[in-house]
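Participant: Predicted coordinates and the sequence they were generated for:
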Amino acid sequence: MKMMNTISSPVKSITIQSEIELLFCCAGTSIDDKTVERIQVLLQEDINWSYLVDMAACHGVIPLLYQNLNNISPKTIPQTVLSQLQTIFHTNTAQNLFLSHELLKLLNLFEANGISAIPFKGPILAAQAYGNLSLRTYCDLDILVREEDFLKAKDLLKSQGYHSTGWWFLTEAQEVAVRKDWGEYPLTRNDNMVHIDLHSRLIAGYLFTLSADLNYFWEHLQPVSLLGKTVLSFRPEDLLLYLCIHGTKSFWEKLGWICDIAELLQKEDIHWEELLPQAKTLGVERMLLLGCFLASDILGTNLPESVHTKIDADAQIPALAIQVNQRIRGETKYPSQREYTLKSFTFHFQAMERLEDKFKYSLKCLITYTFRPIKRLFKPTAKDRDFFLLPRSVYFLYYFLRPIRLLVQNRARNI
């Protein structure tokens, strides 16, 4: 019979699968003696290794899982599993080194063309928080440019063999307008080896509405060492704030994002006396505290007493943390930003602390989903292209062709 382990949590006492607890125990670069002992005990149980590896891959923590299992008790791991984890680890290391080199080339390109650019997440976060490019997974490069340089940066990348990965039915001008409003433009190199998310603002998206202006991040950049080169990126306080906002926006669906918070808190001396008032002013204190609490609750990260005091004073934080914990353990499904549901709305609504943000967010959701059926009716898809191929110059005609195609196919089904 499968054993279940009960662990003590500041939120509540929860029952946790051995595989998930083992994953939590191995999700860090600094494992204390007590955790090492717990890992050794868990390894004596009937571990479903296939499930554990799948969960680690899903949550982006296979490098941490492999390193800790290999360091602590390699002989108790089935050889096939250890070999599988080792292969993934080395493949990830090679990919990360390749992307890091490409990032440095891109930053040199931007600098040579007079474009200020800030790399974040990806290799930079691995270097800042983990101190080791091998211990974090990433598959693309995130680069922030000033809004006035957005189009210039996009054109420069396209001149270097990158192409948009956007909607086939929009003209380039239409797509650029949409992406600029969105705040993010995805591009892929023609050999499909490098993927870039070009940002004109940090928090991209239509529905997740915040009044917080993070442009001040540009004023407090600090040097980060990447492959022996010095690049400028966010200081620890701003990086922590961004990671907590981003995690909340995306429902904290990956354990790896919580690991990022935990590692950053362990590696950096955060100036809380500056960060907490700043987060309060921006209206994102709850999101900051939620991210920190998740790192403490799930991964055992130590937090200052002042931070614990603020967490204890906000009843929404434990309630949100319970939802995240349940989703990470696979007990409930994650909300989706693509298929927005009431759960999605409720989570974001609860995470926002200012009435202004709650109102703007609610209004935007109401308008968006009131007109969504109409939008779905007229928005072209690949099926419309397959139904009748039009030259790219007149793709706009697909908006008129789509309802005709639907009527024709519906009639054919009814005959």
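Facilitator: In hand now; what should we look at?

Participant: now Leu106: how far from Thr93?
Facilitator: Distance, Leu106 to Thr93, using CB to CB, to the nearest Å: 20 Å. Just so you know, the C-beta spots here come from the backbone N, C-alpha and C atoms, and that holds for glycine as well.

Participant: no wait, Phe293
Facilitator: Look at Phe293 and Thr93: by CB to CB, they are 31 Å apart.

Participant: Comparing these two, which residue is more hemmed in?
Facilitator: Phe293 (28 against 15; other CB atoms under 10 Å).

Participant: so which helix or strand takes in that one?
Facilitator: Assigning secondary structure by DSSP states H and E places Phe293 in helix 285-299.

Participant: Go ahead and name everything in contact with whatever helix or strand comes next after that helix.
Facilitator: As assigned by DSSP H and E, the chain's next helix or strand after helix 285-299 is helix 305-312. Helix 305-312 is contacted by residues Trp272, Leu276, Glu285, Leu289, Cys292, Phe293, Leu303, Ile317, Pro318 when judged by CB atoms under 8 Å, 6 or more residues apart in numbering.

Participant: these two touch, right, the second one and Glu285?
Facilitator: Same thing as Leu276. Yes: judged on CB atoms under 8 Å, Leu276 makes contact with Glu285 at a distance of 6.8 Å.

Participant: Show me this protein divided up by domain.
Facilitator: Following automatic domain parsing, one gets these domains for the chain: 4-146+200-370, 373-414.

Participant: how about Phe234, phi and psi?
Facilitator: When read as degrees, to the nearest 10, the backbone of Phe234 gives phi -70, psi 150.

Participant: Next one: it relative to Glu268, how far apart?
Facilitator: The value you get for Phe234 to Glu268, if CB to CB is used, is 11 Å.

Participant: Report how many residues lie close to Glu253.
Facilitator: Per other CB under 10 Å, the neighbour tally for Glu253 reads 17.

Participant: Return the residue spatially closest to it, with its sequence-adjacent residues excluded.
Facilitator: The shortest distance from Glu253 to any residue other than its chain neighbours is 4.7 Å, reached at Tyr334 (CB to CB, 6 or more residues apart in numbering).

Participant: same deal with Leu64?
Facilitator: Nearest to Leu64 is Ala27, by CB to CB, 6+ apart, at 5.3 Å.

Participant: which residues does that neighbour contact?
Facilitator: Val61, Leu64, Leu65, Leu255, Gly256, Ile258, Cys259, Ala262, Leu299.

Participant: cool, and Ile261?
Facilitator: Listed by CB under 8 Å, 6+ apart, the contact set of Ile261 reads Leu240, Leu243, Cys244, Gly247, Gly291, Cys292, Leu294, Ala295, Thr301.

Participant: Turn those into JSON lines, columns for distance to Gly330 and neighbour count.
Facilitator: What follows is those, written out as JSON lines (distance: CB to CB, whole Å; neighbours: other CB atoms under 10 Å):
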{"residue": "Leu240", "distance to Gly330": "27", "neighbour count": "24"}
{"residue": "Leu243", "distance to Gly330": "23", "neighbour count": "23"}
{"residue": "Cys244", "distance to Gly330": "23", "neighbour count": "28"}
{"residue": "Gly247", "distance to Gly330": "18", "neighbour count": "22"}
{"residue": "Gly291", "distance to Gly330": "21", "neighbour count": "29"}
{"residue": "Cys292", "distance to Gly330": "24", "neighbour count": "26"}
{"residue": "Leu294", "distance to Gly330": "16", "neighbour count": "27"}
{"residue": "Ala295", "distance to Gly330": "20", "neighbour count": "25"}
{"residue": "Thr301", "distance to Gly330": "22", "neighbour count": "21"}
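
Participant: can you name the two of those residues that are farthest apart?
Facilitator: Gly247 and Thr301 (14.1 Å; CB to CB).

Participant: Show me the strands in the stretch 1-150 of the chain, by range?
Facilitator: Remark: strands assigned in the stretch 1-150 of the chain by DSSP state E, counting those that start in this stretch are 4-7, 14-17, 117-120, 141-145.

Participant: quick one, what contacts the nearest residue to Gln323 once chain neighbours are set aside?
Facilitator: Spatially, and ignoring its direct neighbours in sequence, Gln323 is nearest to Phe347 (6.5 Å; CB to CB, 6+ apart). The contact partners of Phe347, by CB under 8 Å, 6+ apart, come to Phe251, Leu320, Gln323, Pro335.
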